[in-house]
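# Need a 3D model of the sequence below.
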Amino acid sequence: MGTSTDRQAGSGGAWTPLKHATASYTRGLATGSPNTPAFARRVLARHVPVLGGPGAAASARAGTTGVQRLGALLAGVGGEGLESTLDSLGLSALVGRTRFDILDEMITFVAGDGDDLDSQAARDAVCDVLEEVFGDADTWADLTSTADAAVTRETLAALLESFLAHYIYNRVPVIAERLTRISDPHAVRRADDEMRQIIQTMVSLRLPDDPFTVDWSGTQGRQIADDALRATYEAIQGLDGEQQ
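Numbering: from 1, shown residues only. All right, here's what the predicted structure looks like:
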């Protein structure tokens, strides 16, 4: 599950109810229980206290910065085109290059070097989003035309929400190690899809009518990112109330 294989499980405190919920979920997957969606919601709800409860959003530094930088990148591409955007973001050396060079530098620009778990979660998330934007395009000409078509005022919010959903998913701890105990690969894939979908429905960004005009690098962009993360973690933690 995301980058969770890199996380070491703790003990006691908030870890105990999370481990219990995860054990129920993996047992349900292994036995084909019809209650696995409910178990999945409980797991997601109980991982939030492990990340700090109300502070889960505050600790999501790479997510906040990632929304701002990805917002600046995508809004630029949709408004001014890829070349002008790379110039304005200090990435002019990438103009004319091919897919591997451009996407690798873009990922680092948005999410950093991946030198900690938070940054790794953001890197994996932005990689997924850039795959959505650029598809199979490889040459500079194809990358430019594909991005221009993919990023519009109507799609920008969805792309940023996709980034946040992937990022939040990647921060969920301990589940991956337990899923390895399930021998059915289809059950593991179903769990992966189930978790992602639940989180995706929780994420919502409030953007102005013209998101291309947002000052993504300033206070406005920071507020959008902070509000979205806080609301999402509150909504996810609230899922546990459905299981009482």
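
# Beyond the helix or strand bottoming out on mean pLDDT in the chain, next helix or strand please.
In the chain, no helix or strand scores lower on mean pLDDT, DSSP states H and E than helix 175-179, which sits at a mean of 67. Sequence order places helix 185-202 as the next helix or strand after helix 175-179, per DSSP states H and E.

# the inter-axis angle of the helix or strand just after that next one versus helix 185-202?
Using DSSP H and E, the helix or strand that follows helix 185-202 in sequence is helix 219-238. Computed by axes from the mean of the first three to the mean of the last three Cα atoms, to 10 degrees, the angle separating helix 219-238 from helix 185-202 equals 130 degrees.

# Centre of the chain to helix 219-238, how far?
Chain-centre distance of helix 219-238: 13 Å, with Cα atoms, centre = their mean, to the nearest Å.

# List the contacts of the residue of the chain most remote from its centre.
Computed with Cα atoms, centre = their mean, the residue of the chain farthest from its C-alpha average is Thr31, at 29.6 Å. Residues in contact with Thr31 (Cβ atoms under 8 Å, 6 or more residues apart in numbering): none are found. Any C-beta I mention is one placed from the backbone N, CA and C, and that applies to glycine too.

# how close does it get to Ile182?
10 Å (Cβ to Cβ, to the nearest Å).

# and if you look at Leu130?
31 Å.

# and those two? which has more neighbours close in?
Leu130 (23 against 15; other Cβ atoms under 10 Å).

# Sketch out the strands for this structure, chain order is fine.
With DSSP state E, there are no strands along the chain.

# Can you list the low-confidence ranges for it?
1-12, 174-178, 241-244 (pLDDT under 70).

# cutoff 90 now
1-15, 18-20, 22-34, 36, 53-55, 172-192, 240-244 (pLDDT under 90).

# Now do the helices in it.
15-31, 36-50, 61-80, 82-88, 99-111, 117-134, 140-150, 156-170, 175-179, 185-202, 219-238 (DSSP state H).

# In a markdown table: these, plus distance to Pro208.
Listed next are the helices of the chain as a markdown table, based on distance: least, Cβ to Cβ, whole Å:
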| stretch | distance to Pro208 |
| --- | --- |
| helix 15-31 | 37 |
| helix 36-50 | 29 |
| helix 61-80 | 11 |
| helix 82-88 | 19 |
| helix 99-111 | 21 |
| helix 117-134 | 21 |
| helix 140-150 | 21 |
| helix 156-170 | 10 |
| helix 175-179 | 36 |
| helix 185-202 | 22 |
| helix 219-238 | 9 |
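
# between these, which one is nearest to Thr213?
helix 61-80 (8.1 Å; Cβ to Cβ).

# tilt between that closest one and helix 156-170?
Going by the same axes, to 10 degrees, helix 61-80 makes 160 degrees with helix 156-170.
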